[in-house]
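K.L.:
Structure for this input, please:
(2 chains)
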Number of protein chains: 2
Amino acid sequence: MALNTRTSSTTYPEPFASRMVGREKRPLGDIFELSNFGVNLTRLIPGACSALRHAHSKQDEFVYILVGCPVLITDQGETLLSPRMCAGFKAGTGNGHQLVNRANEDVLYLEVGDRTAGDSATYPDDDLQAALDNDGEWQFLHKNGTPY
Amino acid sequence: MALNTRTSSTTYPEPFASRMVGREKRPLGDIFELSNFGVNLTRLIPGACSALRHAHSKQDEFVYILVGCPVLITDQGETLLSPRMCAGFKAGTGNGHQLVNRANEDVLYLEVGDRTAGDSATYPDDDLQAALDNDGEWQFLHKNGTPY
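P.N.:
Now for the predicted structure:
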């Protein structure tokens, strides 16, 4: 029942992995062996971001802000969030999303995502695309299809 | 992004529906048209409970306590939860779970559950069993198989 202290790191290739410095994810759902969806307790120190701005083809995502005020960036622009606000990102819209912590205090939020097979991700701002392979691992390619 | 004020009520038959008085669910995931999982912001006034004690066959569940101190009841007995604690209920274990608010202040928590088809639920403490029909609606039966 206690919060897990294990953290998970990014699987992005460079130069993108280095941009994830200051992001710490605690996989809460894994503690209870949940397999249909994941729940992370994620901390962003000042300057850190949730992920590259991205959109999933098949997996829904949801975030609930617990502490701090991250900026949500989507195709519609920027929205300042605060504690007790939430946002959802329906699969298949192609509208990339990202949280960025531009404040001077840490941001802490819950993020939920399901584990639908055959998912892929697009990154509107970066030369990157990704797809889940048959082992459930993300494979990253340049936008022209060459691998990293 | 704002919290929804719509609430959802129980689909339990009587005499069970009346036991859910004092439970208010705000379906946050629906605001964003998420379909792979649901997220509710649920309030339990003093004396209220989350659900009948139950276990799902195929759908995982997860709760994160925001406010208040509910008692979690499972086959292992009772555990007092408090804000920032979480619990997960893996599908298929048959271990029924329920939150009960025995305190004098409201309990507020996030609950997440996926939407895997063909789910069913067992209720160890009550003469009830349930199964999702082809329309995604819960059908309730006595334990001997007769309908309510």
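K.L.:
Residue numbers of chain A in contact with chain B?
P.N.:
Residues of chain A found near chain B (CB under 8 Å from any CB of the partner chain) are A:1-3, A:28-29, A:31-37, A:39, A:59-60, A:62, A:64, A:79, A:81, A:84-91, A:110, A:112, A:114, A:116. C-betas here are computed from N, CA, C, even on glycine.
K.L.:
Those residues in strands, which ones?
P.N.:
A:37, A:39, A:62, A:64, A:79, A:86-89, A:110, A:112, A:114 (DSSP state E).
K.L.:
Any stretches of chain A with poor pLDDT?
P.N.:
Residue ranges of chain A with pLDDT under 70: A:1-8.
K.L.:
try it again with 80
P.N.:
Chain A contains residues with pLDDT under 80 at A:1-9.
K.L.:
circling back: list only buried entries from the residues of chain A next to chain B.
P.N.:
In terms of neighbour count (16 or more other CB atoms under 10 Å in any protein chain shown), the buried residues within the residues of chain A next to chain B are A:28-29, A:31-32, A:34, A:36-37, A:39, A:59-60, A:62, A:64, A:81, A:85-91, A:110, A:112, A:114, A:116.
K.L.:
Going along the chain, name the helices of chain A.
P.N.:
Secondary structure of chain A by DSSP state H: the helices cover A:28-31.
K.L.:
Show me the two of the ones in strands among the residues of chain A next to chain B that sit farthest apart.
P.N.:
Maximum pairwise distance in those, criterion CB to CB, is 24.4 Å, between A:37 and A:79.
K.L.:
still on that earlier bit, quick one: which of the ones in strands among the residues of chain A next to chain B is nearest chain B?
P.N.:
Nearest to chain B among these is residue A:88, at 2.6 Å by CB to the nearest CB.
K.L.:
List the contacts of that closest one.
P.N.:
Residue A:88 makes contact with A:60-63, B:28-29, B:31-34, B:39, according to CB atoms under 8 Å, 6 or more residues apart in numbering or on different chains.
K.L.:
Just put these in CSV and tack on distance to residue A:127.
P.N.:
Output for the contacts of residue A:88, formatted as CSV (distance: CB to CB, whole Å):
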residue, distance to residue A:127
A:60, 26
A:61, 22
A:62, 28
A:63, 26
B:28, 34
B:29, 32
B:31, 33
B:32, 28
B:33, 30
B:34, 29
B:39, 33
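K.L.:
which one among the residues you listed gets closest to residue B:74?
P.N.:
The closest of the contacts of residue A:88, once distances to residue B:74 are taken by CB to CB, is residue B:39, at 21.9 Å.
K.L.:
Nearest residue to the closest one in space, please, no chain neighbours.
P.N.:
residue B:29 (4.1 Å; CB to CB, 6 or more residues apart in numbering or on different chains).
K.L.:
gap between the one you found and residue A:22?
P.N.:
Taking CB to CB, to the nearest Å as the measure, residue B:29 and residue A:22 are separated by 28 Å.
K.L.:
What is the neighbour count of residue A:117?
P.N.:
Burial measure for residue A:117: 9 neighbouring residues, criterion other CB atoms under 10 Å in any protein chain shown.
K.L.:
Enumerate every residue touching it.
P.N.:
Contacts of residue A:117 (CB under 8 Å, 6+ apart): A:58, A:132, A:136.
K.L.:
cool, residue A:123 as well?
P.N.:
Contacts of residue A:123 were listed using CB under 8 Å, 6+ apart, and they are A:52-54, A:96, A:129-130.
K.L.:
Now with 10 Å, please.
P.N.:
A:12, A:16, A:51-55, A:96, A:98, A:129-130, A:140, A:143 (CB atoms under 10 Å, 6 or more residues apart in numbering or on different chains).
K.L.:
try residue A:107
P.N.:
Neighbours of residue A:107 in contact, by CB under 10 Å, 6+ apart: A:23, A:42-46, A:48-50, A:65-71, A:81, A:83, A:99-101.
K.L.:
just residue A:130 next, same as before
P.N.:
By CB under 10 Å, 6+ apart, the residues touching residue A:130 are A:11-13, A:52, A:54, A:56, A:119-123, A:138-141, A:148.
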